[in-house]
Every structure is written in C-alpha cells, then in structure tokens.
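J.: Starting from these lines, generate the structure:
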Amino acid sequence: MVKKILIGVLMTLSLLFTSCYPELSVQQYDKLKEDLVALDAKRAELEAEVASLKADIVELQAAQQVTNAETRAYIVFLERMVSTQSSARILTGEFDVQSLVNSKDRLIETAGDLKGSKVTYFLELMDSENESQTVAAYYKTIEYCFKEMKKILE
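T.: Below you'll find the predicted structure:
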C-alpha cells in the first residue's frame, strides 16, 4: 500500500513539474539561440563604442589640461606685470615706469613660459628713458596676452 501511495505521489509530482516548465520545440530553441547570438553581437558592438568614447574623453581631457596650462601661464605673467604698478599711484593718474623697468628681467623670464610669444619683444621696448614707449609697450603686452588667451580658449 505504501508503494502505491509513493508511486502515486511521484507521478503527481512529475506531472506538476512538467506542466510548470513546458518543453521548448526545436524551432523555439533555435530562435532563442539566434536571438542570443544577435544580442551578444550587439553587446560587443556597444562595448566597442563605449571603449571608443572613453578614449575620446581621455584625449579631450588631455587637450583641456594643455589649454589650461597655457592660459594659466598668460594669467601668471599678466598678474606679475600688473603688480608692478602700485594702486596708490594709479589712482592719482600716474604710471610707475621705473617699477616696470626694474621688473623687466623678471617679466622676461616669466614670458619664457609663454608659448610662441611676442611678449618678450614688447618687454624689450620698455626703457626708463622713454616713458611713452614704455607705457605703450605695457598696454600692447596686455592686449597681446588677451588676444592669445582668446585664441587658446576658442
């Protein structure tokens, strides 16, 4: 009797399991296999695109760092040049030519960091004997630096 009950329970369970998990036909299996192959190909394509985009981002970041360094060099130079003038004298309408000429060597050294720059030429024009030329060279240097920074940032 126990054997009959056990066989009955096993048969019921086997019918229950087979009804929960229907078998796939050969055509359905082949279709699923084709779909998986297509999805895998698409995944590989997307991974290649992601790798390409990551490489582009790294390249853009490197270019941005170069741009930032060049712009920073101009800003440092301008800050040093403008700091030769005392605020008190500027507010009274005076230009401190002697202070600018005294800082000329340090400014030329700083201008060496500027890539392909004509700034050194303008700095060489500064002379304590010729105040108007020195003032003109000062403002021409500032103008040139701004134009170069604009080119870099475009």
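
J.: How much space separates Asn102 from Glu45?
T.: Taking Cβ to Cβ, to the nearest Å as the measure, Asn102 falls 65 Å from Glu45. Placement of C-beta: from N, CA and C, glycine included.

J.: tell me the contacts of Lys104?
T.: 123, 126 (Cβ atoms under 8 Å, 6 or more residues apart in numbering).

J.: measure it to Leu36 for me?
T.: For Lys104, the distance to Leu36 - Cβ to Cβ - is 74 Å.

J.: low-confidence ranges in this structure?
T.: Within the chain, the ranges that satisfy pLDDT under 70 run 1-2, 13, 15-24, 116.

J.: Would you state the helices of it in chain order?
T.: 2-20, 26-82, 87-91, 97-102, 104-111, 119-124, 131-153 (DSSP state H).

J.: so which of the ones you listed is the most packed in?
T.: Highest mean neighbour count among those (mean count of other Cβ atoms under 10 Å): helix 119-124, with a mean of 18.

J.: burial of Asp113, as a residue count?
T.: 15 (other Cβ atoms under 10 Å).

J.: For the residue lying closest to it once chain neighbours are set aside, which residues are in contact?
T.: Using Cβ to Cβ, 6 or more residues apart in numbering and skipping the chain neighbours, the partner closest in space to Asp113 is Ala73 (4.5 Å). By Cβ under 8 Å, 6+ apart, the contact list for Ala73 reads 113-115.

J.: Make CSV out of those residues and add distance to Thr134.
T.: Output for the contacts of Ala73, formatted as CSV (distance: Cβ to Cβ, whole Å):
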residue, distance to Thr134
Asp113, 22
Leu114, 20
Lys115, 25
